[in-house]
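J.: Pasting the sequence and the predicted model now:
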Amino acid sequence: MKKVLTLTFAALALPLVSFAATSVSNVSDVGNLIIGTINNVLVTVLFALAFIVFIWGVFQAFILGAGNDEAKEKGKSLMLWGLIGFFVMVSVWGLVNILTGTISFGNNAGVTQPSSGTQAGQP
C-alpha cells in the first residue's frame with residue numbers, strides 16, 4: 001500500500017517538475033504565472049464545484065425531497081451555498097482581472113507616449 005501511495009504521489013507531482021524548469025526572469029513573469037494559474041485552473045475548478053453543489057441542491061430539494069420537508073430545506077440550503085459560491089467566484093475573477101489590467105501583467109509592449117498630433121521634428 002505504501003508503494004502504491006508513493007508511486008501515485010510521484011505521478012501527481014511530475015507536472016511540478018516541468019513548472020520548475022520555467023525560467024522566471026522578472027516579477028512580471030511571476031505575476032503572469034500566478035494570474036494564469038488562478039484564471040485557468042483555480043477559477044474553473046471552483047466554478048465547477050459551485051455548479052455541482054447547486055445542482056445537487058436542486059436534486060435534493062425537488063426530486064428527493066418531494067415529500068420530505070427536511071430534505072427540501074437541506075436542498076434549498078445547498079442551492080443557496082452554490083449561488084454564494086458563484087457570487088464569490090465571479091467577484092474574485094473580476095478582482096483578478098482588475099489587478100491584471102491595473103498592473104499590466106503580460107503587456108510587454110511598454111508604455112505608449114501620448115502625442116500632440118504632429119510628427120517629431122515638424123512645427
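T.: Everything's here; your move. Numbering: from 1, shown residues only.
J.: ranges for the helices of the chain?
T.: Assigned by DSSP state H, the helices in the chain fall at 2-20, 27-37, 43-59, 69-103.
J.: Would you single out the least confident of those helices?
T.: Ranked by mean pLDDT, these bottom out at helix 2-20, with a mean of 64.
J.: Now do the same contact list for Gly85.
T.: Each residue near Gly85 by CB atoms under 8 Å, 6 or more residues apart in numbering is listed here: Leu46, Leu49, Ala50, Val53, Phe54. (Each C-beta comes from the backbone N, C-alpha and C, glycine too.)
J.: quick one, what contacts the second one?
T.: In this structure, Leu49 makes contact with Gly85, judged by CB under 8 Å, 6+ apart.
J.: try 10 Å this time
T.: By CB atoms under 10 Å, 6 or more residues apart in numbering, the contact list for Leu49 reads Gly82, Gly85, Met89.
J.: Next, count neighbours for the last one.
T.: With neighbours defined by other CB atoms under 10 Å, the count for Met89 comes to 18.
J.: so it sits right up against Val43, yeah?
T.: Yes - if you go by CB atoms under 10 Å, Met89 and Val43 touch, sitting 6.2 Å apart.
J.: just to revisit the earlier point, return the member of the contacts of Leu49 nearest to Leu33.
T.: The closest of the contacts of Leu49 to Leu33 turns out to be Met89 (CB to CB; 20.5 Å).
J.: And for Gly75, the neighbour number?
T.: The burial count for Gly75: 21, using other CB under 10 Å.
J.: ok, and the closest non-adjacent residue to it?
T.: Take Gly75 and drop its neighbours on the chain: the residue closest to it by CB to CB, 6 or more residues apart in numbering is Ala61, 2.8 Å away.
J.: List the residues that contact the one you found.
T.: Here Ala61 is in contact with Ala71, Lys72, Glu73, Lys74, Gly75, Lys76, Ser77, Leu78, Met79 (CB under 10 Å, 6+ apart).
J.: can you rerun that using 7 Å?
T.: Going by CB atoms under 7 Å, 6 or more residues apart in numbering, Ala61 touches Lys72, Gly75, Lys76, Met79.
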